[in-house]
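Novice: Sequence below, structure please.
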Amino acid sequence: MEKTGKTKEMDMLNGGLAGKLILFSIPLACSSILQQLFNSADVAVVGRFAGDRALAAVGSCVALVGIFVNLIVGFSVGPNAALANLIGQKKREKINVMLHTILTFGCILGVLLLGIGMLSARAVLEVSGTPESVMGEALLYIRIYFVSIPFMILYNFGSAALRSFGDTRRPMYYLILSGIVNVVLNLVLVICFKLGVAGVAIATVISNILSASLVIIYLYRREDEFQFRPEKMRIDKEDLKKVLIIGIPAGIQGAIFSVSNVFIQSGINSFGEDAIAGSSLALNFEYFTYDIAVAFAQAAVTFTSQNYGAGNIKRCKKIFGLCMLFGFGFTEVLSIIFIIWADFFVGIYTTSAAVAAYGIIRMQHVCSVEGLTATYEVESAALRGMGKSLEPSVVTILGTVVFRMIWMVTVFRWIPTYEMLMNVYIASWIFTGGVIFVIYFWHMRKIER
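Specialist: Purely as a prediction, here's the structure:
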């Protein structure tokens with residue numbers, strides 16, 4: 001087989017920005033949506049062919065899955081920013097050592113998170129108030145699902161390396177293939193083999209193994225500084241430090257963001273199995289729209305990292321403005337589509353009128369304004385592109401954890417309705433976005449002096 005030569009890189013340092021940001025972000029958004037479809041396919045198949053109890057079991061795991069997925073995605077910001085910064089500084093000779101450091105660390109982190117997930121699963125599900133009637137199936141699903149964690153990390157870290165020089169299409173192609181495999185296996189294992197929640201979990205594991213393998217094989221076949229070789233796997237302490245300075249705060253932010261959802265999930269669980277199932281299916285549409293906001297945030301961190309490394313602050317500011325505009329605008333377009341045809345989209349996941357009603361309420365209260373998430377995501381990404389990762393993480397933790405917990409014990413306790421519980425998301429997004437914008441503005445004023 002012919003080896004892969006050096007891929008043409010996107011020039012992020014010169015020329016127009018709007019078109020490049022869209023070309024970079026749209027494949028990335030599609031990739032994230034496809035990755036989310038792994039879990040959505042699980043929800044749809046069990047809801048249609050395994051019953052409402054199985055749907056509630058998978059739905060009870062959504063918050064726990066989110067903790068690990070967001071931790072992994074957050075950590076991958078570190079490799080992306082560190083490699084992009086080397087490109088901007090024209091220090092390409094250092095890229096290969098950093099690449100192998102990143103992938104070696106990814107393998108270690110994957111095994112560690114797999115162990116933590118297995119040991120903590122029951123405790124987290126109990127804290128979130130998972131009903132005993134679905135606990136057995138929920139544990140079965142999540143423990144099989146956790147086997148895919150090391151492969152998810154390798155895929156995300158490998159994709160971060162490709163993003164650092166502007167390649168967002170190739171990871172999308174790999175996810176299209178693995179996503180098709182996931183859906184087919186879901187249907188076969190649940191309908192034909194009657195494996196229920198175990199079947200959809202096994203399908204997800206196989207799909208993640210496939211996507212990770214495709215990224216690693218591509219890096220292996222390259223013939224430039226991004227070439228991967230197993231025998232070169234080792235950790236350079238200085239390179240790892242650069243990755244972790246950005247990756248750890250971003251990863252913790254993502255994980256703790258999901259921890260707050262565990263507390264909200266306990267409120268949802270108090271309304272019964274129909275509410276759990278309905279909220280679970282509606283959450284999928286929020287993830288789809290949120291993926292667009294995150295894609296433009298990833299564009300912000302990558303483009304900003306390169307241009308900050310090159311010392312072009314004026315271009316960094318333009319990147320920030322365009323990513324904010326596109327992130328909010330494109331996210332709201334998809335949100336509006338989901339709201340207008342809510343009955344149709346909810347019907348894909350369930351045939352229960354009671355479950356659908358809860359799902360539509362959540363969509364109307366939360367998904368309809370998902371564009372607000374682009375504010376704090378892009379602001380945080382722009383700061384991380386300039387090496388400032390701690391500040392946005394601290395504010396996001398305050399805004400999405402502390403703020404939401406206060407809401408749960410005050411506003412929701414005073415008005416204990418499902419609708420009021422959903423409003424916590426909107427309030428926390430406005431608070432978090434506003435505070436991080438002040439930090440971004442202050443930081444830009446400081447470096448321009």
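Novice: residues of the helix or strand harbouring S428 that come out buried?
Specialist: For S428, the element it lies in under DSSP states H and E is helix 418-448. Judged by neighbour count (16 or more other CB atoms under 10 Å), helix 418-448 contains these buried residues: 418, 420-425, 428-429, 431-433, 435-436, 439-440, 444. Yep, even glycine has a C-beta here, placed from its N, CA and C like the rest.
Novice: now stretch 352-370
Specialist: For stretch 352-370, burial by neighbour count (16+ other CB under 10 Å) applies to 352, 355-356, 358-363, 365-370.
Novice: Tell me which residues are up against it.
Specialist: 47, 52, 55, 271, 274-275, 277-279, 281-283, 285-286, 289-290, 293, 331-332, 335-336, 338-339, 342-343, 346-347, 349-350, 418-419, 422-423, 425-426, 429 (CB atoms under 8 Å, 6 or more residues apart in numbering).
Novice: Weed out the non-buried ones from the residues you listed.
Specialist: Buried by 16+ other CB under 10 Å: 47, 52, 55, 271, 274-275, 277-279, 281-283, 285-286, 289-290, 293, 331-332, 335, 338-339, 342, 346, 349-350, 418, 422-423, 425, 429, out of those.
Novice: Let's see which of the residues you listed end up in helices.
Specialist: Judged by DSSP state H, helices contain the following of these: 47, 52, 55, 274-275, 277-279, 281-283, 285-286, 289-290, 293, 331-332, 335, 338-339, 342, 346, 418, 422-423, 425, 429.
Novice: Looking at V111 now. What's its pLDDT?
Specialist: Looking at V111, its pLDDT stands at 97.
Novice: That one - nearest residue in space that isn't next to it in sequence?
Specialist: Among residues not flanking V111 along the chain, P150 sits closest, at 6.1 Å (CB to CB, 6 or more residues apart in numbering).
Novice: Ok, I176 next?
Specialist: That would be L34: by CB to CB, 6+ apart, it lies 6.3 Å from I176.
Novice: Remind me what the host helix or strand of that neighbour packs against, helices and strands.
Specialist: Counting by DSSP H and E, the element that carries L34 is helix 18-49. When contacts are defined as 3 or more CB pairs under 8 Å, 6 or more residues apart in numbering; DSSP states H and E, helix 18-49 sits against helix 52-60, helix 149-163, helix 169-187, helix 196-221, helix 273-309, helix 313-340.
Novice: Out of these, which gets nearest to Y376?
Specialist: helix 273-309 (9.0 Å; CB to CB).
Novice: okay, the angle between that closest one and helix 18-49?
Specialist: With axes from the mean of the first three to the mean of the last three CA atoms, to 10 degrees defining the directions, helix 273-309 sits at 160 degrees from helix 18-49.
Novice: Quick one: mean pLDDT for helix 273-309?
Specialist: Across helix 273-309, pLDDT averages out at 90.
Novice: got the angle for that helix vs helix 52-60?
Specialist: Interaxial angle, helix 273-309 versus helix 52-60 (the same axes, to 10 degrees): 30 degrees.
Novice: Give the other helices and strands that helix 273-309 contacts.
Specialist: Applying 3+ CB pairs under 8 Å, 6+ apart, one finds that helix 273-309 contacts helix 18-49, helix 52-60, helix 62-88, helix 237-269, helix 313-340, helix 342-347, helix 353-365, helix 373-385.
Novice: okay, these in a markdown table with distance to E9 and mean pLDDT next?
Specialist: Shown next, in a markdown table, are those (distance: least, CB to CB, whole Å; pLDDT from 0 to 100):
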| stretch | distance to E9 | mean pLDDT |
| --- | --- | --- |
| helix 18-49 | 11 | 80 |
| helix 52-60 | 40 | 81 |
| helix 62-88 | 8 | 87 |
| helix 237-269 | 21 | 82 |
| helix 313-340 | 17 | 95 |
| helix 342-347 | 38 | 91 |
| helix 353-365 | 40 | 93 |
| helix 373-385 | 17 | 93 |
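Novice: quick one: which of the ones you listed is nearest V200?
Specialist: Comparing those by their distance to V200 (CB to CB), the top pick is helix 18-49, with 3.8 Å.
Novice: now the angle from that closest one to helix 196-221?
Specialist: On the basis of the same axes, to 10 degrees, helix 18-49 is oriented at 150 degrees to helix 196-221.
Novice: angle of helix 18-49 against helix 62-88?
Specialist: Taking the same axes, to 10 degrees, one finds helix 18-49 and helix 62-88 inclined to each other by 160 degrees.
Novice: Check the offset of helix 18-49 from the chain's centre.
Specialist: Here helix 18-49 is found 10 Å from its chain centre; the criterion is CA atoms, centre = their mean, to the nearest Å.
Novice: What are the neighbouring residues in contact with the closest residue to K94 other than its chain neighbours?
Specialist: Closest residue to K94 apart from its sequence neighbours, by CB to CB, 6+ apart: L86 at 5.6 Å. Going by CB under 8 Å, 6+ apart, L86 touches 92, 94-95, 98, 309.
Novice: From those residues, keep the buried residues only.
Specialist: The neighbour count (16+ other CB under 10 Å) marks 94-95, 98, 309 as buried among the contacts of L86.
Novice: Good, wrapping up.
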